[in-house]
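Q: sequence first, then the predicted structure, then my questions.
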Amino acid sequence: MTPELTALTLAALLQAVQFILFAIPANLELTPTYTTSPRDLPPSRPFTKTTARLQRALNNHFESLILFTIAVLVVTLGNQSTATTQTAAYTYLAARLAYLPAYAFGWAPWRSAIWAIGFFATLTLLVAALL
């Protein structure tokens, strides 16, 4: 497996961890009666600030992972793996690891800066694949 695919696999596992970190407090706050229902009605109360942030961080990771997956596949299938693409892949992963606590704890403006690092690492993969 290429280093980029390893980083992608770890990023997918991070997404699973983020889901668990969100799901536990969400179930505690909304109760399993609601969370196991068809949810035809909105919840009777909003999430706490931290749980809402964990949900937004999870959603952001879903969005980010789509572009990163494309970038890794292009690099891998194009046989374009280099030290640059490998570094970019692990930079993305490190940024996503840092993004979760940055979002959960409200680290402004660092959350946005960390997000940008991951985004530009993904762009680096895409551009490197074309060169």
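A: Okay, I see it.
Q: all contacts plus neighbour counts: C-alpha atoms, from now on.
A: OK.
Q: so what touches the lowest-mean-pLDDT helix or strand in the chain?
A: Every helix and strand in the chain was compared by mean pLDDT, DSSP states H and E; the lowest is helix 32-35, with a mean of 84. Residues outside helix 32-35 that contact it (Cα atoms under 8 Å, 6 or more residues apart in numbering): 27, 43.
Q: now do that helix: distance to the chain's middle.
A: 26 Å (Cα atoms, centre = their mean, to the nearest Å).
Q: which is the next helix or strand following it?
A: helix 49-77 (DSSP states H and E).
Q: which strands and helices lie in contact with that following helix?
A: Helices and strands touching helix 49-77, by 3 or more Cα pairs under 8 Å, 6 or more residues apart in numbering; DSSP states H and E, are helix 3-30, helix 83-104, helix 110-130.
Q: tell me the buried residues in the second one?
A: Using 16 or more other Cα atoms under 10 Å as the test for burial, helix 83-104 gives 85-100, 102-104.
Q: hmm, back to that, closest to Phe62 out of the helices and strands packed on helix 49-77?
A: helix 3-30 (7.5 Å; Cα to Cα).
Q: report the angle between the closest one and helix 83-104.
A: Put simply, helix 3-30 runs at 10 degrees to helix 83-104, going by axes from the mean of the first three to the mean of the last three Cα atoms, to 10 degrees.
Q: quick check: mean pLDDT across helix 3-30?
A: Averaged over helix 3-30, pLDDT sits at 96.
Q: just the buried positions in that helix, please.
A: Here helix 3-30 shows 3-5, 7-8, 11-12, 14-15, 18-19, 21-23, 25-26, 29 as buried, counting by 16+ other Cα under 10 Å.
Q: repeat that for stretch 62-75.
A: The neighbour-count check on stretch 62-75 (16+ other Cα under 10 Å) flags 64-65, 68-69, 71-75 as buried.
Q: so where's this structure shaky on pLDDT?
A: Within the chain, no range satisfies pLDDT under 70.
Q: contacting residues for the residue nearest in space to the middle of it?
A: Nearest to the geometric centre of the chain sits His61, at 2.4 Å (Cα atoms, centre = their mean). Applying Cα under 8 Å, 6+ apart, one finds that His61 lies in contact with 15, 96.
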